[in-house]
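1. generate a structure from the sequence data that follows.
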Amino acid sequence: MTDHGQIWEELVATAARTVRDGLVVGTSGNVSVRVGDGDDADILVTPSGVPYDRLGPDDLVAVGLDGTRRAGTLTPTSELPLHLALYRNTPARAVVHTHAVHATAVSTLVPELPPVHYMTAALGGTVRVAPYATYGTEELAANMLTALAGRTACLLQNHGTVTYGDSLAQAYDRTAQLEWMCRLWLTAHSVPGLRPSLLSDAQLADAADRLAGYGQQAPPR
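-> Purely as a prediction, here's the structure:
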């Protein structure tokens, strides 16, 4: 497990950033990353109930896809079933779960976040809300998977957010984008007598096509 040290350092930094950016309070929320492929992959995950600023190299926690301990002595996050469900059923390489305020507020109001901004397309489409279930349960994990079908982000009713990506950076960026869109919708929705304009499926599809070519592209060989 010694070769996982740098990845663990990045995971702890990402978890600490969720606190610094106001996406979680205290030890709420959790982060994980997949190392390796197939059934032998290791899942590095934040431990339960430990402030992120206290985590060091010796606190590394790793489990297999079946939840068996691979490394570390600390107890994994109570949301381990949620993380393992994602790695078993999606191409996720990293997962970020938060209790972001605006996103959690939206999860109590609507069955999905209305498409108020074209960045909805970057998450695969309109972000759905998974029905409430007790934290840390297989029921919550199953509800989450249903809400995530065709998406890379979802809201957990009366709970928070879940995003995944090809890397910790991508999963975190999707979390931050989701929280921003929730804040945007709540702000627009709060204006008395007016309703926010929403994007159509065709408009989102057009945005998705343009986003596919966004950023720096590799030069042709």
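
2. how far does the helix or strand hosting Ala171 sit from its chain's centre?
-> Per DSSP states H and E: Ala171 is located in helix 168-189. Here helix 168-189 is found 11 Å from its chain centre; the criterion is CA atoms, centre = their mean, to the nearest Å.

3. same question for stretch 146-155.
-> 10 Å.

4. what comes up buried for it?
-> Residues of stretch 146-155 classed as buried: 147-148, 151-155 (neighbour count, 16 or more other CB atoms under 10 Å). Glycine gets a C-beta too; all of them are placed from N, C-alpha and C.

5. OK, contacts around Cys182?
-> 100, 102-103, 105-106, 113, 155 (CB atoms under 8 Å, 6 or more residues apart in numbering).

6. same question for His102.
-> Taking CB under 8 Å, 6+ apart as the definition, contacts of His102 comprise 179, 182-183, 186.

7. quick one: those as TSV, columns for distance to Pro192 and pLDDT too.
-> Converted to TSV, those look like this (distance: CB to CB, whole Å; pLDDT from 0 to 100):
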residue	distance to Pro192	pLDDT
Glu179	24	98
Cys182	20	98
Arg183	18	98
Leu186	14	98
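
8. from the residues you listed, which is closest to Asp53?
-> Each of these was scored against Asp53 by CB to CB, and Glu179 proved nearest at 21.2 Å.

9. quick check: closest non-adjacent residue to the closest one.
-> Ala100 (4.3 Å; CB to CB, 6 or more residues apart in numbering).

10. measure the spatially most central residue of the chain to Pro51 for me?
-> Closest residue to the average C-alpha location of the chain: Thr163 at 2.1 Å, with CA atoms, centre = their mean. Here Thr163 is placed at a distance of 22 Å from Pro51 (CB to CB, to the nearest Å).

11. what are the contacting residues of the helix or strand harbouring Val129?
-> Using DSSP H and E, Val129 maps to strand 129-130. Outside strand 129-130, the residues that touch it by CB under 8 Å, 6+ apart are 106-107, 110-113, 140, 143-144, 146-148, 154-157.

12. ok, stretch 203-213 next?
-> 115, 118-122, 125-126, 199.

13. in that stretch, what counts as buried?
-> Buried-residue list, stretch 203-213, by 16+ other CB under 10 Å: 204, 207-208.

14. same check, this time on stretch 154-166
-> Going by 16+ other CB under 10 Å, stretch 154-166 has these buried residues: 154-157, 159-165.

15. check stretch 66-86 too.
-> Buried, per 16+ other CB under 10 Å, within stretch 66-86: 70, 72, 74, 76-77, 79-86.
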